[in-house]
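# here is the input, now give the coordinates:
(one chain, ligands or ions: 1)
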Amino acid sequence: MDLTAPKLGSEMPGSETPDADTRPADGPADGPAEPLLDARGLTVAYGDRIVLDGVDLTVRPGEIVTLIGPNGAGKTTLVKTVLGLVRPQAGRVARRAGLSIGYMPQRLAVDPTLPLSVRRFLTLWGRATPAELDAALAEVGAPHVLDRAVQSLSGGEMQRVLLARALLRRPDLLVLDEPVQAVDVHGQIALFELIAEIRHRRGCGVLLVSHDLHLVMARTDTVICLNRHVCCSGRPEDVSRHPDYVALFGRHAEALAVYHHLHDHGHAADGCVVPVGQEAAHRHGHGHGHGHSHGHGHGHGHDHHRPGRPDAGGRR
Ligand SMILES: Nc1ncnc2c1ncn2[C@@H]1O[C@H](COP(=O)(O)OP(=O)(O)OP(=O)(O)O)[C@@H](O)[C@H]1O
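Sure thing, here's the model as predicted:
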């Protein structure tokens, strides 16, 4: 089984990293305003290839921050870095003292020949009473799967079990790496709504990775568009009233939001930053250099070069 789960709070690896200051967040103890997580100037390279370049990220209690970006943009690397699982070459990650993190990893490979019930799976990494297991599965809307084999679960049921596993840690911060993968579109909406409910009920912060932002809950507070560096960031737009949206999602349209990209630059095929409009000149037949959100044919708000909201951040 390949499942990476960080240890809690200050025990997380990386805190001893000499180049990366990963001490607990300091500053005034002003309750909810104190960040759970505050990362500044993170630079990560695999070998001599830089995959994150000067990235900032802050998550506060009760806040949902959504990371979006194309394949290979560095989303998972950023998550692993703020969790202390990857050491940055430069930058610092400050976590609130005693921070408890519930992590739902992007990938989980379970040996199909291994007899493993959900009950057993949920207690592999820590103790939980039967009542706690019941409560966690009830909270994620999957009370019926406790004695099922993990391998028999549907994609949506598996994601809910992984979410329950994260909740068993009583997290201050939920970190969810592509929580809706392998789930159909209606199941995705239901999962986003569930995550928003959990945030409200528990008041925890949520760091969410989405491969792309077609569907994201209206209550996502901050969107960070990553492509090796932070391309743009800001608050998501309200639901588009585009007829295709309403027709496709019906009553769920209210739960959807779109984000208007406000890039002041483009990317060549190798990910390098180029001026807006010159992407093609740097592409030379390599296909889409940027790769996310554009040209999907949805017609709903991925508005690459349009002037946008004044409160949304530009490139940082
Ligand atoms: N352990 C590693 N060693 C070398 N390169 C890696 C390693 N992990 C990731 N990479 C590379 O770093 C880049 C960023 O990967 P990462 O998984 O962070 O991107 P991502 O945005 O999460 O992508 P995806 O949307 O496809 O999951 C990719 O080019 C990837 O191939």
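
# what ranges do the helices span in the protein?
Ranges of helices within the chain are 75-83, 118-122, 130-139, 155-167, 185-202, 243-249, based on DSSP state H.

# residues contacting the second one, please?
Contacts of helix 118-122 with the rest of the structure, by CB atoms under 8 Å, 6 or more residues apart in numbering, involve 128, 133, 136-137, 145-150, 153, 161, 164-165, 168. Where you see a C-beta, it was placed from the backbone N, CA and C, and this is true even at glycine.

# just flag the most distant two among the residues you listed.
Spatially, the most separated pair among these is Ala149 and Leu168, at 19.5 Å (CB to CB).

# the two: who's more crowded?
Leu168 (20 against 16; other CB atoms under 10 Å).

# look up how far Gly126 lies from that one.
Leu168 sits at a distance of 7 Å from Gly126 (criterion: CB to CB, to the nearest Å).

# repeat that for Ile101.
Note on Ile101: its distance to Gly126, by CB to CB, is 13 Å.

# find residues that contact each of the two.
Common contacts of Ile101 and Gly126 (CB under 8 Å, 6+ apart): Arg169.

# of the two, who's got more company?
Using other CB under 10 Å as the criterion, Ile101 and Gly126 rank with Ile101 on top: 26 against 11.

# select only the buried ones of the contacts of helix 118-122 in PyMOL?
Selecting only the buried entries of those in PyMOL, with 16 or more other CB atoms under 10 Å as the criterion:
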select buried, resi 128+133+136+137+145+146+148+149+150+153+161+164+165+168
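
# which among the contacts of helix 118-122 gets closest to Val55?
The nearest member of the contacts of helix 118-122 to Val55, counting by CB to CB, is Arg165 at 27.4 Å.

# and the nearest residue in space to the closest one that is not next to it in sequence, how far is that from the ligand?
Leaving aside its chain neighbours, Arg165 sits nearest to Leu122 (5.5 Å; criterion: CB to CB, 6 or more residues apart in numbering). Counting by CB to the nearest ligand atom, to the nearest Å, the gap from Leu122 to the ligand is 25 Å.

# can you check Leu173 too?
Applying CB to the nearest ligand atom to Leu173 and the ligand gives a distance of 19 Å.

# that residue - how many residues pack around it?
Burial measure for Leu173: 26 neighbouring residues, criterion other CB under 10 Å.

# so what sits opposite it in the bridge?
Assessed by DSSP bridges, Leu173 has beta-bridge partners Ile101, Gly205.

# and it, what's its pLDDT?
Per-residue pLDDT puts Leu173 at 97.

# and it, what does it touch?
Shown in contact with Leu173 (CB under 8 Å, 6+ apart): Leu36, Leu37, Val59, Leu99, Ser100, Ile101, Gly102, Cys204, Gly205, Val206, Leu207.
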